[in-house]
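Visitor: got a sequence here, can you model it:
(one chain, ligands or ions: 2)
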Amino acid sequence: MAVFTPLSDDQVADFLERFDAGRLVRLEGVSGGTENSTFFVTTDRHALVLTLFEQGDQRELPFFVELLDHLAAHQLPVPGPLHDRQGIALQRLADRPALLFPRLPGEHPEQPTQAQCHAIGQTLGQMHALTRDFPVNRANPRDLSWIEQAAKRVMPYLDADEQQLMHEQIADFGRLLTPHVLPRGALHGDLFRDNTLFDGERLGGVIDFYNGCTGDLLFDLAIVINDWCATAQTALHEARYHAILDAYAAQRPFTAIEREVWPVMLRMTALRYWLSRLLVVHVDPPAHTLTPRDPGEYLRLLRQRIEVPVPPLPTAAR
Ligand SMILES: Nc1ncnc2c1ncn2[C@@H]1O[C@H](COP(=O)(O)OP(=O)(O)OP(=O)(O)O)[C@@H](O)[C@H]1O
Ligand SMILES: N[C@@H](CCO)C(=O)O
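Guide: Ligands and ions are numbered 1, 2, ... in the order given. So this is what the prediction gives:
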């Protein structure tokens, strides 16, 4: 389930009056997602998605709206929010912040093809090239200082080997990453396969920007590689890896420092998800009954990244 706040047809029909988007034909709750209430809204003119924000700091919503407006204005495949007749995107409905989006076509890929990997690498590279000078800022909520704090909260739930691994890795990140200034910009922050929609090989869109923030561009790319390029045994799927990185590098070439710290960034983002999933399981279980994602998957991935070197970042497009 991902309807925490039910809405009636009348509520949504009234809400649509604020926009030039047609009249309500059908309202359906969406079962995917875990954080917000999501509805598919069909009007006589458009297929739309309505999101009610159930958690998080509402003062941060303008960052997401401006980022999506910016990317959509540059024709990136993202759902640019609809603006009402007064030009305002961010609304209130059922006492919650609400946004209305175009419904993008497609399905989440489970076993991404080469063409799908190329498409996501290219789009992320374009997004990063476009947001290097994006003027609005939101600090990365999952940076190294968050990792250090979160690690203290989960330590009691780890065995001795896992505790040692976590301590050693975090010390490494501080030593190997902190001295460097990496290229920065606006990040998606959670670009897993299930935050993309593919219509066949065509990228219909990238969704769920609510982890979006300002940070190291390489952090975003490492999240993508870890999720998109792991085989069932967490080994690196090399064909997908090269397809994503080559397409990305053609849009935004890597710096020498990025090439140097790349293996560390892959480990840091693997540990970031090991931690956030441990927090959900042991420390802050959500109110809903959905099965939490397995922290062990990212522990295995982290170990894999430590034991098996990854090929270097490409120097130039092949
Ligand atoms: N613009 C869109 N076009 C088509 N489908 C969408 C769109 N936005 C959301 N969806 C669908 O709704 C589902 C839930 O949306 P979303 O991922 O934003 O929710 P969430 O509660 O923030 O979830 P989570 O953070 O767990 O991924 C998505 O998996 C997708 O199937
Ligand atoms: N992508 C996250 C969940 C949503 O933030 C994870 O796999 O843990």
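
Visitor: drop to CA atoms for contacts and neighbour counts, all remaining ones
Guide: Will do.

Visitor: what helix or strand does E28 sit in?
Guide: strand 24-29 (DSSP states H and E).

Visitor: what pairs with the next helix-or-strand element following that strand, parallel or antiparallel?
Guide: Reading on from strand 24-29 to the C-terminus, the next helix or strand found by DSSP H and E is strand 37-43. Note on strand 37-43: by DSSP bridges, its sheet partners are strand 24-29 (antiparallel), strand 47-52 (antiparallel).

Visitor: is it possible to get a markdown table of those strands that adds mean pLDDT?
Guide: Output for the strands paired with strand 37-43, formatted as a markdown table (pLDDT from 0 to 100):
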| stretch | mean pLDDT |
| --- | --- |
| strand 24-29 | 98 |
| strand 47-52 | 97 |
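
Visitor: and of those strands, who's closest to ligand 2?
Guide: Ligand 2 lies closest to strand 47-52 among the strands paired with strand 37-43, at 15.8 Å (C-alpha to the nearest ligand atom).

Visitor: count the neighbours of the closest residue to ligand 1 within the stretch 1-150 of the chain for me.
Guide: For the stretch 1-150 of the chain and ligand 1, the shortest gap (C-alpha to the nearest ligand atom) falls at G33, measuring 3.1 Å. By other C-alpha atoms under 10 Å, the residues close to G33 number 15.

Visitor: what's the nearest residue to it if we skip its chain neighbours?
Guide: When the adjacent residues along the chain are set aside, G33 lies closest to A2, with 5.5 Å between them (C-alpha to C-alpha, 6 or more residues apart in numbering).

Visitor: any idea how far that neighbour is from ligand 2?
Guide: Going from A2 to ligand 2 by C-alpha to the nearest ligand atom, to the nearest Å gives 13 Å.

Visitor: need the pLDDT of that residue.
Guide: In the prediction, the pLDDT value recorded for A2 is 80.

Visitor: what's the answer for L165, then?
Guide: Reported pLDDT for L165: 98.

Visitor: tell me which element it is part of?
Guide: According to DSSP H and E, L165 maps onto helix 160-177.

Visitor: returning to what we had before: mind listing what the residue nearest to G33 touches?
Guide: Listed by C-alpha atoms under 8 Å, 6 or more residues apart in numbering, the contact partners of A2 are 29-38.

Visitor: looking at those, which has the most residues close by?
Guide: Highest neighbour count within the contacts of A2: T38, with 27 neighbours (other C-alpha under 10 Å).

Visitor: what pairs with that residue across the strands?
Guide: The partner residues for T38, given DSSP bridges, come to T51.

Visitor: coming back round to it: phi and psi next, for the residue of the stretch 1-150 of the chain closest to ligand 1.
Guide: G33 adopts backbone torsions of phi 90, psi 160, taken as degrees, to the nearest 10.

Visitor: return the residues of the protein in contact with ligand 2.
Guide: 190, 192, 273, 277, 293 (C-alpha under 6 Å from any ligand atom).

Visitor: for the helix or strand where the fourth one lies, the distance to its chain's centre please.
Guide: Yep, that's R277 we're talking about. Taking DSSP H and E as the definition, one finds R277 inside helix 256-278. Taking C-alpha atoms, centre = their mean, to the nearest Å, one finds helix 256-278 lying 15 Å from the centre of the chain it belongs to.

Visitor: can you check what angle separates it from helix 160-177?
Guide: If you take axes from the mean of the first three to the mean of the last three C-alpha atoms, to 10 degrees, helix 256-278 sits at 150 degrees to helix 160-177.

Visitor: done for today, thanks.
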